[in-house]
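Q: Dropping the sequence and predicted coords here.
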Amino acid sequence: MIIDLLKISDHGLIIQGSYPNDILELEENEQAKADPLSPVHYDLSATCFDGELILTGEVSAGLLLVCARCMDEFRDVLNLTEYQVEIPIHGEVSVDLTNRIREDILLALPWYPHCAESTVEDRQCAGEDTMFETVEKNPLSTDDAGDDTGTMESGVWKALDGLTDPNH
Ligand SMILES: [Zn+2]
């Protein structure tokens, strides 16, 4: 989303819309992917004040997540309500917010997705609490749980690393 700073009047500018393409770049991530049926949507109010572009509002992203308990894939929507971004302006006439929004969504991805907590699917989790019982009864399986967490972590950070690539 490219914001034309010249269009922002003293009263601000409402910026609403969706990204038609997948901006999350989670293709390689096994725990979370963009939901093609529910693209990243933004509803923001933009103002310029004291050398900064200030955006406030809401950003949402449809996701396909893998439940940490039953390992089933499920749909969910991540809602960043009260989203706020401040970007210093140094004489630019436009600002591209896409990378910043992608980064903020990736940082907000759930660490332990649970399908029963989906806001868009009504589900009973088949693996309810079994993972935690296993860990308690068998200390050796703690290592496996740790590995899973590491995979999720590295996947997200790998995606974030892509943000610094000038080709993106
Ligand atoms: Zn589940």
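A: That came through, no problem.

Q: element containing the residue nearest the centre of the chain?
A: Residue closest to the mean C-alpha point of the chain, counted by Cα atoms, centre = their mean, is Ile105 at 2.2 Å. Here Ile105, judged by DSSP states H and E, is contained in helix 98-107.

Q: Rounded mean pLDDT for that helix, please.
A: For helix 98-107, the mean per-residue pLDDT is 96.

Q: now that helix, how far from the centre of its chain.
A: Taking Cα atoms, centre = their mean, to the nearest Å, one finds the center of helix 98-107 at 6 Å from the center of the full chain.

Q: Give the other helices and strands that that helix contacts.
A: strand 52-66, strand 73-88, helix 142-161 (3 or more Cβ pairs under 8 Å, 6 or more residues apart in numbering; DSSP states H and E). For glycine as for every other residue, the C-beta is placed from the backbone atoms N, C-alpha and C.

Q: what's the nearest residue to the residue nearest to the centre of the chain if we skip its chain neighbours?
A: Ala61 (4.9 Å; Cβ to Cβ, 6 or more residues apart in numbering).

Q: now do Thr81
A: Leaving out its chain neighbours, the residue that sits closest to Thr81 by Cβ to Cβ, 6+ apart is Glu58, at 5.3 Å.

Q: ok, that neighbour - contacts?
A: Tyr42, Asp43, Leu44, Asn79, Leu80, Thr81, Glu82, Tyr83 (Cβ atoms under 8 Å, 6 or more residues apart in numbering).

Q: Figure out how far whichever strand or helix holds the second one is from the centre of its chain.
A: Taking DSSP H and E as the criterion, Asp43 maps to strand 41-49. Computed by Cα atoms, centre = their mean, the separation of strand 41-49 from the middle of its chain amounts to 18 Å.

Q: Check stretch 72-87 too.
A: On Cα atoms, centre = their mean, the centre of stretch 72-87 falls 5 Å from that of its chain.

Q: Name the member of the contacts of Glu58 that has the highest neighbour count.
A: Leu44 (23 neighbours; other Cβ atoms under 10 Å).

Q: interface residues of this protein facing the ion?
A: Proximity of the chain to the ion (Cβ under 5 Å from the ion) is limited to residues Cys67, Arg69, Cys70, Cys115, Cys125.

Q: Test my guess that the last one contacts Ala116.
A: Yes: with contact defined as Cβ atoms under 8 Å, Cys125 reaches Ala116; the gap is 4.2 Å.

Q: mind showing which ranges of this protein have poor pLDDT?
A: 128-168 (pLDDT under 70).

Q: 90 instead, please
A: Applying pLDDT under 90 to the chain picks out residues 1, 9-10, 20-21, 91, 127-168.
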